[in-house]
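S.K.: coordinates only, sequence not included:
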């Protein structure tokens, strides 16, 4: 069987045939590399990226240079990403090669080398000092990748980043500052560094304009007032820091992605309080979620108090990943309606008030009977309605107050948005992360 035939057998339907081909190719070592590289650079190859990588890792260091050549030679597209991912995963045996690639003249290779070293975990950490100059790389993607890599290493690289801030290289200082903020927030920054981080924010504020408020998991409270300070006072928010509109939305989006290994309360540390938008002030952040088990009672009380002072207050949660939505509507101190739909979860305990006119109109538009206390939807009707419920928060907000996605440069605006701390932020400390402009 030829080498080319062995490589094609990596895509064989039988597991035994695939394993036999992999073993045979690994025994061939460098002699198999030309055929393997042909398939690596061909997006239409039937041989999977995983199968190629498995053989190449067993081939060892001799695979490094051929994979690098493929990475440099393929055009942007699917084949490029195949080559990029395989190059970064050859393994710890190639760490010296990755270290040398950090100074390569091709930014694609430099970026891939940074990714490879970062993904090597503890094995790559000793090379962090050699990665540091790329915090100031002339290529923006390489620079951002270096910042993300240092952020993933965490507190262990803080002394190195602080040394870069103090002693350079000068072009890497800004990237080191961003990485420090990502790792430790304000606690990891000196007063001078904090001022440096905020300087571009102040510049951006001079001609800031609002834009669409879109997050993967979007929670917000809408209050019918432009009294930003009064809203914050009533909600117990503190330490407001003016930020560009896009930076506030970015912060809310980042905070909503609390991972399973993180403190679940981290997502509640801060909120973005918008300027007045067409007569409404929005408080944006996971802290506003009316369906959150930790927050549902507090959000209900907050909306009742806000509506008692300002007439109307609403809280919403919407998942851009089709994970559900939730609504809470308060008027003049009274909760008018609350409900939530999260597929696979029983949310009946949140149900309050009678269906709103908007809900009934949507039912009619879909050809469904109106909602009634003693009526149960058929299976077909329920299926149709649950699809509507996934986006009902956004539709209802557009009807009763302001659809946050519709905010743009033409939205009437007065004032400046701020990031403010909640009680969680005061207790747990400010959220980590640099402001992205």
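M.R.: Done, it's in. These numbers come from a predicted model, not from an experiment.
S.K.: pLDDT weak spots in the stretch 251-400 of the chain?
M.R.: 258-263 (pLDDT under 70).
S.K.: What values do phi and psi take at the residue nearest to the spatial centre of the chain?
M.R.: With distances taken as C-alpha atoms, centre = their mean, residue 254 lies nearest the centre of the chain, 5.2 Å away. Torsion angles at residue 254 (phi, psi; degrees, to the nearest 10) stand at phi -60, psi -40.
S.K.: Skipping its backbone neighbours, what lies nearest residue 48 in space?
M.R.: residue 11 (6.9 Å; C-beta to C-beta, 6 or more residues apart in numbering). (Glycine included, C-beta is placed from N, CA and C.)
S.K.: For the one you found, give me its contacts.
M.R.: By C-beta atoms under 8 Å, 6 or more residues apart in numbering, the contact list for residue 11 reads 18, 46-48, 51.
S.K.: Let me see the ranges of the helices in the stretch 101-250 of the chain.
M.R.: Ranges of helices in the stretch 101-250 of the chain, per DSSP state H, counting those that start in this stretch, are 107-119, 128-131, 140-153, 158-167, 173-184, 191-205, 228-235, 245-255.
S.K.: That should have said the stretch 251-400 of the chain, apologies.
M.R.: Counting by DSSP H, counting those that start in this stretch, the helices of the stretch 251-400 of the chain are 296-310, 357-365, 379-389, 392-400.
S.K.: So which bits of stretch 17-24 are buried?
M.R.: By 16 or more other C-beta atoms under 10 Å, the buried positions in stretch 17-24 come out as 18, 21-22, 24.
S.K.: List the ones among those that fall in helices.
M.R.: Applying DSSP state H to these, the entries found in helices are 18, 21-22, 24.
S.K.: Quick check: of these, which lies closest to residue 215?
M.R.: Taking C-beta to C-beta as the measure, residue 215 lies nearest residue 18 of those, at 42.1 Å.
S.K.: Please give the number of neighbouring residues around residue 385.
M.R.: 18 (other C-beta atoms under 10 Å).
S.K.: picking up where we left off before, the ones in helices among the buried residues of stretch 17-24 into CSV, with extra columns for pLDDT?
M.R.: Listed next are these as CSV, based on pLDDT from 0 to 100:
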residue, pLDDT
18, 90
21, 90
22, 91
24, 92
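S.K.: quick one, strands of the stretch 201-350 of the chain?
M.R.: Counting by DSSP state E, counting those that start in this stretch, one finds strands in the stretch 201-350 of the chain at the ranges 217-223, 238-242, 270-273, 276-277, 281-284, 312-319, 325-331, 334-341.
S.K.: Make TSV from these and add distance to residue 110 and mean neighbour count to it.
M.R.: As requested, the strands of the stretch 201-350 of the chain are exported to TSV (distance: least, C-beta to C-beta, whole Å; neighbours: other C-beta atoms under 10 Å):
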stretch	distance to residue 110	mean neighbour count
strand 217-223	34	27
strand 238-242	35	15
strand 270-273	34	27
strand 276-277	42	22
strand 281-284	37	27
strand 312-319	37	26
strand 325-331	43	26
strand 334-341	47	19
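S.K.: about what we covered before: looking at the helices of the stretch 251-400 of the chain, which is buried most?
M.R.: The highest mean neighbour count among the helices of the stretch 251-400 of the chain, using mean count of other C-beta atoms under 10 Å, belongs to helix 392-400: a mean of 21.
S.K.: Check the ones in helices among the buried residues of stretch 17-24 against residue 353 and report the nearest one.
M.R.: Closest approach between those and residue 353, by C-beta to C-beta: residue 18, at 59.2 Å.
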